[in-house]
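Colleague: Provided below are the primary sequence and the corresponding predicted coordinates.
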Amino acid sequence: MEQLILPLLFVAVLASLASVVLQFVSWFMHNGLSNRVARLEAQQQNTLTHGETVRIYERLSSLETLVETQATTLETIKEHLLEND
């Protein structure tokens, strides 16, 4: 009977240690995944979508056109004033 109890006790201790190791590994992996997901969410919140980027470029284009028009108008006014002097 004692010959049977000792190996069973050894197997039970090994199973307990394996369980603790597996729980530690799964906890470590879960924390790593949680951190990566949090970083990805933060990165995704800080990036622009394609539509937002298109709207920014359209707005910059319209501002560029407006600046060019104003520069042309000011140049015309300057020429007109110089002609009148």
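Modeller: Noted; the coordinates are in hand.
Colleague: How many residues are close by Val37?
Modeller: 10 (other C-beta atoms under 10 Å). Yep, even glycine has a C-beta here, placed from its N, CA and C like the rest.
Colleague: That one: which element?
Modeller: helix 2-46 (DSSP states H and E).
Colleague: what about the chain, any weak spots by pLDDT?
Modeller: The model of the chain has pLDDT under 70 over residues 1, 85.
Colleague: so what are the domain limits for it?
Modeller: Split into domains by automatic domain parsing, the chain comes to 1-47, 49-85.
Colleague: immediately after the helix holding Val37, which helix or strand?
Modeller: Assigned by DSSP H and E, the successor of helix 2-46 is helix 50-84.
Colleague: from the middle of its chain, how far away would that next one be?
Modeller: With C-alpha atoms, centre = their mean, to the nearest Å as the basis, helix 50-84 stands 35 Å off its chain's centre.
Colleague: same check, this time on stretch 72-85
Modeller: Distance, stretch centre to chain centre, for stretch 72-85: 52 Å (C-alpha atoms, centre = their mean).
Colleague: could you measure His50 against Ile56, distance?
Modeller: According to C-beta to C-beta, to the nearest Å, His50 and Ile56 sit 11 Å apart.
Colleague: now do Glu64
Modeller: Between Glu64 and Ile56 the computed distance is 12 Å (C-beta to C-beta).
Colleague: try Thr72
Modeller: 25 Å.
Colleague: And Lys78, by the same measure?
Modeller: Plainly put, Lys78 is 32 Å away from Ile56 if you go by C-beta to C-beta.
Colleague: ditto for Gln45
Modeller: Per C-beta to C-beta, Gln45 is found 17 Å from Ile56.
Colleague: Just want the most central residue of the chain.
Modeller: Taking C-alpha atoms, centre = their mean, the centroid of the chain lies closest to Gln43, which sits 1.3 Å from it.
Colleague: sorry, back to before: overlap of the contact sets of Glu64 and Ile56?
Modeller: Common contact partners of Glu64 and Ile56 (C-beta atoms under 8 Å, 6 or more residues apart in numbering): none.
Colleague: related to what we said a few turns ago, tell me which of His50 and Ile56 has more neighbours.
Modeller: Remark: of His50 and Ile56, Ile56 carries more neighbours, 11 against 7, as counted by other C-beta under 10 Å.
Colleague: Many thanks, we can stop here.
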